[in-house]
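Undergrad: Structure for the following, please:
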Amino acid sequence: MTFYLSTVYIDDMNKEKMLNELFLPCNKNRPCEQELKNIFDEFYNQFEYDFGLSFDEDFREASVLEGFSDNLDTLLSGFSASNTFLDEVKLSTCAPLTQPYNAIVVLYNFQYDGSITEVKHENLNLQFIGNFKFSWKAYNNR
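TA: Sure, this is the predicted structure:
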């Protein structure tokens, strides 16, 4: 998961080769593909590419559990502002979870349209479960 979320800087010497390897032919008709190619001119992030988005890493948290869980309290415990959005997640259409997970990624101050809801690779399966409001003020007053 760590490598999957890591930003890779693109070497100018091998730029064309790297971009051809990174930008998959099966995705060439995605509406966001050209925009991502422009964004990822100097760097690349697999998570961002797979979901067709770009975000500020300063507002991302991620966690990988040793085992799997379908309990939202377990999955979201330890995230810095989870106390401000956990109740909303529990009341959303994603709850209860339909399968157990061992990893979660939280992006703060980010609105995603959910156009890509699931990403599957050989040893990785990620699902977008929703956008939820949180409060920096409530977080800072904890």
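Undergrad: hey, which strand is longest across this protein?
TA: Scanning the chain for the strand with the most residues, using DSSP state E, yields strand 60-69.
Undergrad: elements contacting that one?
TA: helix 2-5, helix 72-76, strand 101-107 (3 or more CB pairs under 8 Å, 6 or more residues apart in numbering; DSSP states H and E). Where C-beta positions appear, they are placed from N, C-alpha and C, glycine not excepted.
Undergrad: Give me the residue ranges of the protein where confidence is low.
TA: The chain contains residues with pLDDT under 70 at 1-2, 12-13, 138-142.
Undergrad: Can you give me the domain boundaries for it?
TA: Segmentation of the chain into domains, based on automatic domain parsing, reads 2-51, 57-140.
Undergrad: who touches stretch 75-82?
TA: Residues from elsewhere that reach stretch 75-82 (CB atoms under 8 Å, 6 or more residues apart in numbering): 61, 63, 65, 69, 86, 89, 101, 104, 106, 108, 134-136, 138-139.
Undergrad: Turn the domains of the chain into TSV, including mean neighbour count.
TA: What follows is those, written out as TSV (neighbours: other CB atoms under 10 Å):
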stretch	mean neighbour count
domain 2-51	13
domain 57-140	14
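Undergrad: The longest strand of the chain pairs with which strands, parallel or anti?
TA: Each strand that strand 60-69 pairs with, and the sense of that pairing, follows from DSSP bridges: strand 101-107 (antiparallel).
Undergrad: I'd like the next helix or strand past the partner strand.
TA: Of the helices and strands lying after strand 101-107 in sequence (DSSP states H and E), the nearest is strand 118-121.
Undergrad: so what's the residue positioned nearest the centre of the chain up against?
TA: Centroid check for the chain by CA atoms, centre = their mean gives V105 as the closest residue, at 5.2 Å. By CB under 8 Å, 6+ apart, the contact list for V105 reads 5, 47, 60-62, 126.
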